[in-house]
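> Pasted the sequence and its predicted model underneath.
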Protein chains: 2
Amino acid sequence: MEKLKKHLKRLSKFENALSLLHWDMETYMPEKAAEKRAEIIGEISTYVFKEFISEKTKELLESATPEDDEDKAILKLVKKEFEKHEKIPPELFKELQFETALSQQAWQKAKEKDNFEIFKPHLKKVVDLEKKVIECIGYESNKYDVLLDDYEPGLKTDQLKSIIVELRKFLVEFINELDSGNKPNTEILKGKYSIEKQKEFSMELLKILNYDLGAGRLDISAHPFTISISHNDIRITTRFDKYDIKNSIFSTIHECGHALYEQGIPEEFRGLPIGDGASMGIHESQSRFWENIVGRSLEFWKFIYPKFTKYFPNFKNVKVEEFWRAINTVERSLIRTEADEVTYNLHIMLRFELEEALINDRITVDELPKLWNKKMKEYLGIVPKNDAFGVLQDVHWAHGSFGYFPSYMLGNLYAAQIYYTMKKDIPNFGEKVEKGQFIEILSWLRKKVHSKGKTLMPIELIKEISNEELNPKYFIEYVKEKFTKVYKK
Amino acid sequence: MEKLKKHLKRLSKFENALSLLHWDMETYMPEKAAEKRAEIIGEISTYVFKEFISEKTKELLESATPEDDEDKAILKLVKKEFEKHEKIPPELFKELQFETALSQQAWQKAKEKDNFEIFKPHLKKVVDLEKKVIECIGYESNKYDVLLDDYEPGLKTDQLKSIIVELRKFLVEFINELDSGNKPNTEILKGKYSIEKQKEFSMELLKILNYDLGAGRLDISAHPFTISISHNDIRITTRFDKYDIKNSIFSTIHECGHALYEQGIPEEFRGLPIGDGASMGIHESQSRFWENIVGRSLEFWKFIYPKFTKYFPNFKNVKVEEFWRAINTVERSLIRTEADEVTYNLHIMLRFELEEALINDRITVDELPKLWNKKMKEYLGIVPKNDAFGVLQDVHWAHGSFGYFPSYMLGNLYAAQIYYTMKKDIPNFGEKVEKGQFIEILSWLRKKVHSKGKTLMPIELIKEISNEELNPKYFIEYVKEKFTKVYKK
């Protein structure tokens, strides 16, 4: 077991270097270096992959004797990953990498030119290859289970579907109900905001939320992200928009949530498969918890507003309640990444339903644009004018990342369920937030979520935390309570 | 041959990652990440080293057939490196790494506490190990040849000594002569200079000197450096001092000189042993050429002064000649890194003479502080008040970098010899600089120096460029001509 751990930890050092190469690529790398950088990353990734699926790993796996639950979790994760790679022929793996690289380029062009036809043949190819991979790995009842398992280990497509049925019914009705409420005044958010001041305020937010800046840093990138270079080196990025003050604030808090999770993973787990978040969905629950449940709450803004208005004095004449309502406006919009807390999950359901049907051959790639628009109409009551704002908006399918989308929704649901559980231990949660006392909240998450790393499957973890399986009722409850207030119903 | 090249290029990708890990460590890494970063670098370095000295390399070396001069140069360099490592027992190599790590810590403490005794036992150990390494590698007449060969391949200690005799005689007398000249007024440089403005001016300098910012970048670090992450990714750092405007300007130009060299190395050489500077001394010649011969010339300041005074208007009432004289003041000073063009080489000679005598057992570590001060008195006429400003000032010996110091001096000498050769092709050199036309100068260096990479040894390269062996007379000529003007003799 010790030998296996040593082997894995050695390989993880190369992964640390890969993380830095990626971080740098998105932040500081000179533009002309892109081609060489891809070669460097390719060479080192290949080495790590080959070492991982080597005879050495196999032998170490076979002779390892676990001594405790952590060892057992490590063995389980390594075996699963190892067997998956053993089942996929290297040629198929290479072909998939090659085709997804091409299809990303095609997607980019198709989006720019608003022409799905450019992307279509590539997407077909990628879907076919994904299905081949699924056949190699094997499945019980639903092919999509295999994909879901990559991001949300243990969760089954059927369970996800039943959650979605309940949630969708509520959301579609609730959005209609809000139409008769008092719409917040979003005009008050309009203005021009110094990037320098936004940066300073972002740094202030990170300090307030107990992100350890001695073991991390904040930089700028086109798409905000959090990356673990190594233990004690968890970095986040954000973006600044001169005309949209919300953008940097909520990107920063969102990434801060991811980073607090990573900073809370025990040092001794690092370099091992358990030194990671439990799943994409659980990771997203941590970012969403801080971004939405804390960061978009009235209590949070009551606390931070005096500081905020010092940075941005034009809000001095805006009441904090009005500001809070404005940043929580619910809108039927076309773009997932810009959606509010209420409509967001509908964007995800639409994507999940299409990709699940695609993988199970109930629909074809040709039908995607039409079906996208049909579902948009059904769930949100609007239809994109063109495919660039519709079926072409996300890169995920071009990437071959089928099964990824549900994580975003699951993150919201986990976050709400965790929140209601936490409130049993911290009944004065709102007061704490209003006083800017976040340590107790963070400590609770550290103990219940972060310190567990990936030793438990997400379905086990949520059960351990809340004594219940994942249940959408908490999110429904949360949304009802909050947005009824926002819309003064 | 192709297989060998492929093997080397593969390993170079891991070295690229190591470069980025180092760059990041000096620029953006969070402080708490230091320990983990050392582990990552250690693991990857070990891998590259082991792969390099592997049976695979040996077999490829033995069966490789060179097809042209480049291939021959590659084989020569790899064989040399390989044989050196074959001769040093791994335990000795490890011991040296271990002891130099300890001795660096001891040096740091000794310098802080101004107590040579703390450093002494460690330095003794390192010197002993260095001598053991030399015995393993073997030498002809002078043990120091082995050390020199690491930094200035092909150059012999005897040749260096005869250069030094000639140069020292001239410098000691010349400095005395300057005493009767007109001392420049350095008071005019005093002031407080915005870091932001200094940054902008540094960026302006880089653009003017044709550093390709699309394939590089400028950052801040405690000690300025240039690093090649990969082809098209050559980064430099500088430092800013609020009270010393010279600091950032000449650090930036110095590093720019190194970076122009690296940016001029042919893409097809990269990842191979020939894809590097010819030697430390030649590399330093490029930085010194731009920093001193161009950057501290009156013509350069006549060109840049209108721009400079826009950034720093307090110089508007200072005549450009007076400014130029002030930045070229010659001073008997204690610290090498702060020395001017004239006294600098004396600091180097002193170090070289001590380390050469030490390695050849003509003096002992115990005698170092006394001998240091004696030589300071002899060459510069001043004696440090304490060892922190004397024998303890440089980290090099603690590092085990014996043989490194001469490169700094050689850089100055090569630069002057290159300059006088270039003037035969570009007779209106001064006019070009005064007009800010640097392209022709850079192209000359690209053709004669940069494009050669490491295909030639430095002694071969300087011969090819100037039709002559390295000769200190050019530097002597340059110093005489320039500083006679500065001191209005």
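Alright, I've got the coordinates. Because the structure is a prediction, the values reported are computed rather than measured.

> Check the spacing between residue A:391 and chain B real quick.
35 Å (C-beta to the nearest C-beta, to the nearest Å). Every C-beta, even on glycine, is put in place using the N, C-alpha and C of the backbone.

> What residues sit buried inside whatever helix or strand residue A:100 lives in?
Assessed by DSSP states H and E, residue A:100 sits inside helix A:90-112. Across helix A:90-112, burial judged by 16 or more other C-beta atoms under 10 Å in any protein chain shown covers A:93, A:96, A:99, A:100, A:103, A:104, A:106, A:107, A:110, A:111.

> Lowest-confidence member of the residues you listed, which is it?
For those, the model is least confident at residue A:93; its pLDDT is 87.

> on that earlier part again, can you redo the buried residues of helix A:90-112 as TSV with distance to chain B?
Compiled in TSV, these are given as follows (distance: C-beta to the nearest C-beta, whole Å):
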residue	distance to chain B
A:93	20
A:96	23
A:99	24
A:100	22
A:103	26
A:104	22
A:106	26
A:107	26
A:110	28
A:111	26
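
> can you list the residues you listed in a markdown table and add distance to residue A:267?
Output for these, formatted as a markdown table (distance: C-beta to C-beta, whole Å):
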| residue | distance to residue A:267 |
| --- | --- |
| A:93 | 33 |
| A:96 | 35 |
| A:99 | 39 |
| A:100 | 35 |
| A:103 | 39 |
| A:104 | 36 |
| A:106 | 43 |
| A:107 | 39 |
| A:110 | 45 |
| A:111 | 42 |
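
> Can you tell me which residues in the stretch 1-150 of chain A are near chain B?
Contact residues, the stretch 1-150 of chain A versus chain B (C-beta under 8 Å from any C-beta of the partner chain): A:10, A:13-14, A:16-18, A:20-21, A:24, A:28-33, A:35-37, A:39-40, A:43-44, A:47.

> Among the residues you listed, name the buried ones.
A:13-14, A:16-18, A:20-21, A:24, A:28-30, A:33, A:36-37, A:40, A:43-44, A:47.

> Return the distance of residue A:220 relative to chain B.
Counting by C-beta to the nearest C-beta, the gap from residue A:220 to chain B is 12 Å.

> and the angle for the helix ranked longest in chain A with helix B:2-27?
Ranked by residue count, the top helix of chain A under DSSP state H comes out as helix A:2-27. With axes from the mean of the first three to the mean of the last three C-alpha atoms, to 10 degrees defining the directions, helix A:2-27 sits at 70 degrees from helix B:2-27.

> Which elements pack onto helix A:2-27?
helix A:34-52, helix A:55-63, helix A:69-87, strand A:226-230, strand A:233-238, helix B:2-27, helix B:34-52 (3 or more C-beta pairs under 8 Å, 6 or more residues apart in numbering or on different chains; DSSP states H and E).

> Can you give the distance of the longest one from its chain's centre?
Spelled out, it's helix B:2-27. 21 Å (C-alpha atoms, centre = their mean, to the nearest Å).

> cool, the first one as well?
Computed by C-alpha atoms, centre = their mean, the chain-centroid distance of helix A:34-52 equals 25 Å.

> Excluding its own residues, what touches the helix holding residue A:100? List them.
A:85, A:116-119, A:121-123, A:125-126, A:129-130, A:132-133, A:136, A:387-388, A:392-393, A:395, A:397-400 (C-beta atoms under 8 Å, 6 or more residues apart in numbering or on different chains).

> please redo it, this time with the cut-off set to 6 Å
With C-beta atoms under 6 Å, 6 or more residues apart in numbering or on different chains as the test, helix A:90-112 has contacts from A:118, A:119, A:122, A:125, A:126, A:129, A:388, A:392, A:398, A:399, A:400.

> got those residues as JSON lines, with neighbour count and distance to residue A:187 columns?
Shown next, in JSON lines, are the contacts of helix A:90-112 (neighbours: other C-beta atoms under 10 Å in any protein chain shown; distance: C-beta to C-beta, whole Å):
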{"residue": "A:118", "neighbour count": "18", "distance to residue A:187": "39"}
{"residue": "A:119", "neighbour count": "27", "distance to residue A:187": "38"}
{"residue": "A:122", "neighbour count": "21", "distance to residue A:187": "43"}
{"residue": "A:125", "neighbour count": "19", "distance to residue A:187": "47"}
{"residue": "A:126", "neighbour count": "26", "distance to residue A:187": "43"}
{"residue": "A:129", "neighbour count": "20", "distance to residue A:187": "49"}
{"residue": "A:388", "neighbour count": "17", "distance to residue A:187": "28"}
{"residue": "A:392", "neighbour count": "26", "distance to residue A:187": "31"}
{"residue": "A:398", "neighbour count": "24", "distance to residue A:187": "37"}
{"residue": "A:399", "neighbour count": "15", "distance to residue A:187": "38"}
{"residue": "A:400", "neighbour count": "22", "distance to residue A:187": "42"}
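
> tell me the contacts of the residue of the stretch 51-200 of chain A found nearest chain B?
Residue nearest to chain B within the stretch 51-200 of chain A (C-beta to the nearest C-beta): residue A:51, separated by 10.0 Å. Neighbouring residues of residue A:51 by C-beta under 6 Å, 6+ apart: residue A:11.

> Recalculate using a threshold of 8 Å.
If you count contacts by C-beta under 8 Å, 6+ apart, then residue A:51 has A:11, A:57 around it.

> Please list the residues of the stretch 201-350 of chain A that sit near chain B.
A:212-217, A:219, A:229-233, A:235.

> Spatially, what comes nearest to residue A:292 if we skip its sequence neighbours?
residue A:341 (5.4 Å; C-beta to C-beta, 6 or more residues apart in numbering or on different chains).

> what's residue A:258 sitting at in phi/psi?
phi -60, psi -40 (degrees, to the nearest 10).

> Relative to residue A:181, how far out is it?
32 Å (C-beta to C-beta, to the nearest Å).

> Compare these two (neighbour count), which wins?
Each of residue A:258 and residue A:181 has its neighbours counted (other C-beta atoms under 10 Å in any protein chain shown); residue A:258 has more, 24 against 15.

> which residues does that one contact?
A:226, A:236, A:283, A:286, A:287.

> Pull out the buried residues from those residues.
Buried, going by 16+ other C-beta under 10 Å: A:226, A:236, A:283, A:286, A:287, out of the contacts of residue A:258.

> tell me which of the residues you listed is nearest to residue B:486?
Taking C-beta to C-beta as the measure, residue B:486 lies nearest residue A:236 of the buried ones among the contacts of residue A:258, at 51.5 Å.

> Would you map out the domains in chain A?
Chain A resolves into domains spanning A:2-141, A:142-489 when parsed by automatic domain parsing.

> For the residue in the stretch 151-300 of chain A positioned nearest to chain B, grab the count of nearby residues.
Using C-beta to the nearest C-beta, the closest approach of the stretch 151-300 of chain A to chain B is made by residue A:233 at 3.7 Å. Here the count is done by other C-beta under 10 Å, and residue A:233 has 27 residues near it.

> need the contact list for it.
A:215, A:216, B:29, B:30, B:32, B:33, B:36, B:37.

> what's the answer for residue A:462, then?
So residue A:462 contacts A:282, A:414, A:417, A:418, A:468, A:469, A:470 (C-beta under 8 Å, 6+ apart).

> try it again with 7 Å
A:414, A:417, A:469, A:470 (C-beta atoms under 7 Å, 6 or more residues apart in numbering or on different chains).

> So which of these wins on neighbours?
Neighbour max across the contacts of residue A:462 (other C-beta under 10 Å) = residue A:414, 30 neighbours.

> Now do the SS call for the nearest residue to that one once chain neighbours are set aside.
Of all residues beyond its chain neighbours, the one nearest residue A:414 is residue A:285 (3.5 Å), with distances taken as C-beta to C-beta, 6+ apart. Following DSSP: H, G, I helix; E, B strand; the rest coil, we place residue A:285 in the helix state.

> how much space between residue A:285 and residue A:421?
Distance from residue A:285 to residue A:421, by C-beta to C-beta: 12 Å.
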